[in-house]
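K.L.:
Next one to model:
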Amino acid sequence: MPIRREYIQRNRSLWSALREVLQDEFEEYLDYITLPNYRPYIRANTLRVSPERLRERLENRGFVLEDTVLPYAFRVLHYPSEMGKTLEHFLGYYYVQDLASMLPAHLLNPAPHSYVLDIAAAPGSKTTLLSALMKNTGMVFANDASTDRVRALVNNVERMGCLNVVVSISKGERLARFYREFYDYVLVDVPCSSAGTLHKNPEVALWWSPKDVKAYTRVQYRLLLAGWEMLKPGGRLIYSTCTVTYEENENVVERFITHSGATLEPIPSLGIGEIEGAIHGTKRFYPHRTHTEGFFIAAFRK
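P.N.:
Coordinates of the predicted model:
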């Protein structure tokens, strides 16, 4: 069920924050997320099946799939059965994942046989994509601070057949003591206030508050600094969130750049309706423009 407008309106802080960010597009955004027009995405797990073979199998079951800008991803226009309960899902042939959520790993684009850190990895959507992009070579060090969430991470790694993944349970910032300038690629997809997922997670409107946002920014900044410390010279780092607030996105990036001296690597146009962030070179994704979650991505090279 889509979120109802009054759920957001009751949370005056969230309503004001969204209006401030979206400005003239606020009403268009509200119309989009409160109507039942969201269509989910799936990602073919190329470790187990080709996108073409997956499409053939699912369409034979009555699914209607639409191509996307990613060769292994489809938008699901119609699904005759619950997507998490098909034989193909059980076999690890696909992962139900929003298109915007695939982009951080896709843009990081790790080379085969490289060392990659996913610093806040659970439940494993991006970890398993990184593994597939690397063709099960090298190593993906998938870390998360939550024991409960790591259970889901392990289940997904096993289901998707990711043999190059090492799972760790630790606060991400603590890892920097042991892995300084160790990784070729680092993904810092941070915990956030999830304001970009209201169209499919209405419960966010019940708990969202400026206090939570402030708490998240402290964690996000620490994880970004730690990820940078663990990145090799010449390596690439992606910072991403599934929220739309400036505090958790541009403000964290700006503070990080000031402290570290890091330089942004501009993200190329993806052609799905994304817009430039408030900092040149970053990208913002709004549901009504991109038909994805609300998302933010910034890239750096050391």
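K.L.:
what about the residue located most distally from the centre of the chain, distance to Arg53?
P.N.:
Going by C-alpha atoms, centre = their mean, the residue of the chain most distant from its centre is Asn60, 29.8 Å out. Here the criterion is C-beta to C-beta, to the nearest Å. By it, Asn60 lies 11 Å from Arg53. Heads up, the C-betas are built off the backbone N, CA and C, glycines and all.
K.L.:
Now do the domain split for this structure, please.
P.N.:
With domains defined by automatic domain parsing, the chain comprises 41-97, 99-301.
K.L.:
looking at those domains, which is buried most?
P.N.:
domain 99-301 (a mean of 20; mean count of other C-beta atoms under 10 Å).
K.L.:
Can you show me the CA trace of the longest strand anywhere in the chain as PDB?
P.N.:
Ranked by residue count and defined by DSSP state E, the top strand of the chain is strand 231-241. Provided in PDB are the C-alpha atoms of strand 231-241 (Å, rounded to 0.1, in the frame of the first residue of the first chain):
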ATOM      1  CA  LEU A 231      41.100   3.300   0.700                       C
ATOM      2  CA  LYS A 232      44.400   2.800  -1.200                       C
ATOM      3  CA  PRO A 233      45.900   5.800  -3.100                       C
ATOM      4  CA  GLY A 234      44.300   5.700  -6.500                       C
ATOM      5  CA  GLY A 235      41.300   3.900  -5.200                       C
ATOM      6  CA  ARG A 236      37.600   4.900  -5.600                       C
ATOM      7  CA  LEU A 237      35.000   5.500  -3.000                       C
ATOM      8  CA  ILE A 238      31.200   5.900  -3.300                       C
ATOM      9  CA  TYR A 239      29.100   7.600  -0.600                       C
ATOM     10  CA  SER A 240      25.300   7.000  -0.900                       C
ATOM     11  CA  THR A 241      22.100   7.300   1.100                       C
END
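K.L.:
Paired strands for it, with orientation please.
P.N.:
Strand 231-241 has its sheet partners listed here by DSSP bridges as strand 183-189 (parallel), strand 295-301 (antiparallel).
K.L.:
chain center to it: distance?
P.N.:
Between the centre of strand 231-241 and the centre of its host chain there is 15 Å, according to C-alpha atoms, centre = their mean, to the nearest Å.
K.L.:
next SSE after that strand?
P.N.:
helix 250-260 (DSSP states H and E).
K.L.:
Would you pull up how far that next one lies from the middle of the chain?
P.N.:
For helix 250-260, the distance to the chain centre is 20 Å (C-alpha atoms, centre = their mean).
K.L.:
what comes into contact with that helix?
P.N.:
For helix 250-260, the external contacting residues (C-beta atoms under 8 Å, 6 or more residues apart in numbering) are 217, 220-221, 224-225, 228, 239, 262-264, 277-279, 282, 296, 298.
K.L.:
Nearest to Ser101 among those?
P.N.:
Phe296 (12.0 Å; C-beta to C-beta).
K.L.:
For that closest one, which non-adjacent residue is closest in space?
P.N.:
Asn249 (4.1 Å; C-beta to C-beta, 6 or more residues apart in numbering).
K.L.:
tell me the contacts of that neighbour?
P.N.:
241, 243, 277-278, 282, 284, 296, 298.
K.L.:
just Ala73 next, same as before
P.N.:
Taking C-beta under 8 Å, 6+ apart, one finds 41-44, 97, 99, 102 in contact with Ala73.
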